[in-house]
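Enquirer: Here is my input; please provide its structure:
(2 chains)
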2 protein chains.
Amino acid sequence: MTTEARARDEFEDEPRSARKRRAILDAATAVFLRNGYLGTTMDEIAALARVSKQTVYKHFADKERLFSEIVTATVDKIADPNTDEVLRLKDTGDLDHDLRDFARRQLRAVMDPRLLQLRRLVIGESGRFPQLGRLFYERGPGRTIDALATLFERLASRGTLELDDPHLAAAHFNWLVMSIPLNQAMLLGDDEPATPTELNRYADAGVRAFLAAHRKR
Amino acid sequence: MTTEARARDEFEDEPRSARKRRAILDAATAVFLRNGYLGTTMDEIAALARVSKQTVYKHFADKERLFSEIVTATVDKIADPNTDEVLRLKDTGDLDHDLRDFARRQLRAVMDPRLLQLRRLVIGESGRFPQLGRLFYERGPGRTIDALATLFERLASRGTLELDDPHLAAAHFNWLVMSIPLNQAMLLGDDEPATPTELNRYADAGVRAFLAAHRKR
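Expert: Predicted coordinates for the structure are as follows:
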């Protein structure tokens, strides 16, 4: 093979490998969510992705690594924009409005049906596989709460908020906004337990309670 | 058999039957928590309880009925005293103190290791068996929140609290107290994720935030 031919081949191989990786991740997500962690086999994932089991193992060393990738990708897709958005709020000229806006978007993202299913699965397995739950917690709520704590500390130093412990206040904010619909979804097993209007109402009420407790008078 | 003998026999049968029932429930709880709902068989429960499978079926029509009994018994043991205690708070002369006291006890009860395990199991299975999660929700958090709503409405009419929506305020109170340690426990898979001192700190902070938002000024 000439150097040129090899270069072209590698160039074409790259997207094919990425496509296969994507197909494996999609298939794995579907199988994990349907059968649970223990009930999922690499064979089933390979079959659904239409690749050989060897190809699955070439991309992902084992089932746990594959599941970790899914948790990371799914949670990051929600938490990355959340974190960016929180940090932009530090220069807000209208805290009530912007905090409500953020809370509404955050709650809608967290109540995504696929994320709810993944959260149930991770919780159900967290006794046996705590590292999966830790990954979910740290990249998800943990990261959003850290970003909120930085924001609230700044708003307190500007004299907008009143709080002793920014991290505690951030966690309270997070759960005031999310807990009611999220706990219902977790226990009732319903993937769309609340309408967008209801979710907005919960987000607004959470922000209102938070500001009633922490607005500088 | 004489009537007298039969009466004595039934009298003695009663406790034996209750003992067997208790043994089956204990064995079933252990097997469910270890193997999950799908991974549990009536055979295994019978073996651990040292009764015949027929005896298991005499007491519980099927696996789902048996699991429902466990959820009901476990959750009621926590929620029954909670509900009574909430209702007694309506005549409190020291709301801060009594609400804090209640929150501390409630949080400690909810963070019971066995209840945490059961909650994880119910959440993990709620997609497939939503009726189990519904039972958990309605007899657990749902009932406590209803009782708190009645209390808060009364305190508002007495002029102690200020709130538009007693049920929403009750849910906020509940999750302000419990969400931080409970969500960590759910995701991190740790059955004793917080020390009693830490739990008290979370309970106190939740009550403080609630009263900062809702105390009548």
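Enquirer: For chain B, what's the nearest residue on chain A?
Expert: Residue nearest to chain B within chain A: A:Gly124 (1.8 Å; Cβ to the nearest Cβ). (Each C-beta comes from the backbone N, C-alpha and C, glycine too.)
Enquirer: So that residue lies in a strand, does it not?
Expert: No. Using DSSP: H, G, I helix; E, B strand; the rest coil, the assignment for A:Gly124 is helix, not a strand.
Enquirer: Determine the set of other helices and strands touching the strand or helix carrying A:Arg114.
Expert: Taking DSSP states H and E as the definition, A:Arg114 sits inside helix A:113-125. When contacts are defined as 3 or more Cβ pairs under 8 Å, 6 or more residues apart in numbering or on different chains; DSSP states H and E, helix A:113-125 packs onto helix A:3-35, helix A:63-88, helix A:130-139, helix A:166-188, helix B:113-125, helix B:166-188.
Enquirer: neighbours around the residue of chain A closest to chain B, how many?
Expert: For A:Gly124, the neighbour count with other Cβ atoms under 10 Å in any protein chain shown is 25.
Enquirer: Quick check: it touching B:Ile123?
Expert: Yes. A:Gly124 lies in contact with B:Ile123 (Cβ atoms under 8 Å); the separation is 6.1 Å.
Enquirer: still on that earlier bit, of all the helices and strands packed on helix A:113-125, which lies closest to B:Arg88?
Expert: Proximity to B:Arg88, assessed across the helices and strands packed on helix A:113-125 by Cβ to Cβ, is greatest for helix B:166-188 (15.9 Å).
Enquirer: And stretch A:147-167, what's buried?
Expert: The neighbour-count check on stretch A:147-167 (16 or more other Cβ atoms under 10 Å in any protein chain shown) flags A:147-156, A:161, A:163, A:166-167 as buried.
Enquirer: okay, the residues you listed in TSV with secondary structure next?
Expert: Listed next are the buried residues of stretch A:147-167 as TSV, based on three-state DSSP:
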residue	secondary structure
A:Ala147	helix
A:Leu148	helix
A:Ala149	helix
A:Thr150	helix
A:Leu151	helix
A:Phe152	helix
A:Glu153	helix
A:Arg154	helix
A:Leu155	helix
A:Ala156	helix
A:Leu161	strand
A:Leu163	coil
A:Pro166	helix
A:His167	helix
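Enquirer: Excluding chain neighbours, give the residue nearest to the residue of chain A closest to chain B in space.
Expert: B:Gly124 (1.8 Å; Cβ to Cβ, 6 or more residues apart in numbering or on different chains).
Enquirer: Assess the claim that that neighbour and A:Glu125 are in contact.
Expert: Yes. The criterion here is Cβ under 8 Å, and B:Gly124 meets it with A:Glu125 at 6.8 Å.
Enquirer: Could you name every residue contacting both of the two?
Expert: By the contact definition Cβ atoms under 8 Å, 6 or more residues apart in numbering or on different chains, B:Gly124 and A:Glu125 are jointly contacted by A:Gly36.
Enquirer: For the residue of chain A closest to chain B, give me its contacts.
Expert: Taking Cβ under 8 Å, 6+ apart as the test, what A:Gly124 contacts is A:36-37, B:36, B:120-121, B:123-125.
Enquirer: how much space between it and B:Arg105?
Expert: 28 Å (Cβ to Cβ, to the nearest Å).
Enquirer: Quick one: neighbours of the closest residue in space to A:Asp76 that isn't next to it in sequence, just the number.
Expert: The shortest distance from A:Asp76 to any non-neighbouring residue, by Cβ to Cβ, 6+ apart, is to A:Arg139 (6.0 Å). By other Cβ under 10 Å, 19 other residues sit near A:Arg139.
Enquirer: same deal with A:Leu168?
Expert: 20.
Enquirer: ok, now A:Thr92?
Expert: A:Thr92 has 16 nearby residues by other Cβ under 10 Å.
Enquirer: swap in A:Asp91?
Expert: 9.
Enquirer: Can you report phi and psi for it?
Expert: Phi and psi for A:Asp91, reported as degrees, to the nearest 10, are phi -100, psi 20.
Enquirer: Do you know the pLDDT at it?
Expert: The model reports A:Asp91 with a pLDDT of 87.
Enquirer: Could you point out which of the contacts of A:Gly124 is nearest to B:Ala209?
Expert: For the contacts of A:Gly124, the residue nearest B:Ala209 by Cβ to Cβ is B:Ile123; the value is 25.6 Å.
Enquirer: show me the contacts for A:Leu188.
Expert: B:126, B:130, B:133-134, B:137.
Enquirer: Return only those of those residues found close to chain A.
Expert: When contact is defined as Cβ under 8 Å from any Cβ of the partner chain, the contacts of A:Leu188 meet chain A at B:126, B:130, B:133-134, B:137.
Enquirer: which one of those sits closest to A:Arg114?
Expert: Of the ones next to chain A among the contacts of A:Leu188, the one sitting nearest to A:Arg114 (Cβ to Cβ) turns out to be B:Ser126, at 15.4 Å.
Enquirer: which stretch of helix or strand covers A:Gly39?
Expert: A:Gly39 belongs to no helix or strand, assigned by DSSP H and E.
Enquirer: Name the nearest residue to it, ignoring sequence neighbours.
Expert: A:Gly39 sits nearest to B:Leu38 (Cβ to Cβ, 6+ apart), 7.5 Å away.
Enquirer: just A:Ala46 next, same as before
Expert: Closest to A:Ala46 by Cβ to Cβ, 6+ apart is A:Lys53, at 4.4 Å.
Enquirer: Quick check on the one you found: phi, psi?
Expert: phi -60, psi -30.
Enquirer: Now do the same contact list for it.
Expert: A:42-43, A:46.
Enquirer: Which of those ranks first by neighbour count?
Expert: Counting by other Cβ under 10 Å, top hit in the contacts of A:Lys53: A:Ala46 with 19 neighbours.
Enquirer: per-residue pLDDT, that residue?
Expert: So, for A:Ala46, pLDDT stands at 96.
Enquirer: what do you get for the one 4 residues further on?
Expert: According to the per-residue confidence, A:Arg50 scores 96 in pLDDT.
Enquirer: And it, how far from A:Lys20?
Expert: Distance of A:Arg50 to A:Lys20, computed by Cβ to Cβ: 9 Å.
Enquirer: which of those two has more neighbours?
Expert: For A:Arg50 versus A:Lys20, the count of surrounding residues by other Cβ under 10 Å is larger for A:Lys20: 18 against 11.
Enquirer: what about that one, distance to B:Arg158?
Expert: 67 Å.
Enquirer: which residue sits closest to A:Ala49 in space, ignoring its chain neighbours?
Expert: Leaving aside its chain neighbours, A:Ala49 sits nearest to A:Ala27 (3.7 Å; criterion: Cβ to Cβ, 6+ apart).
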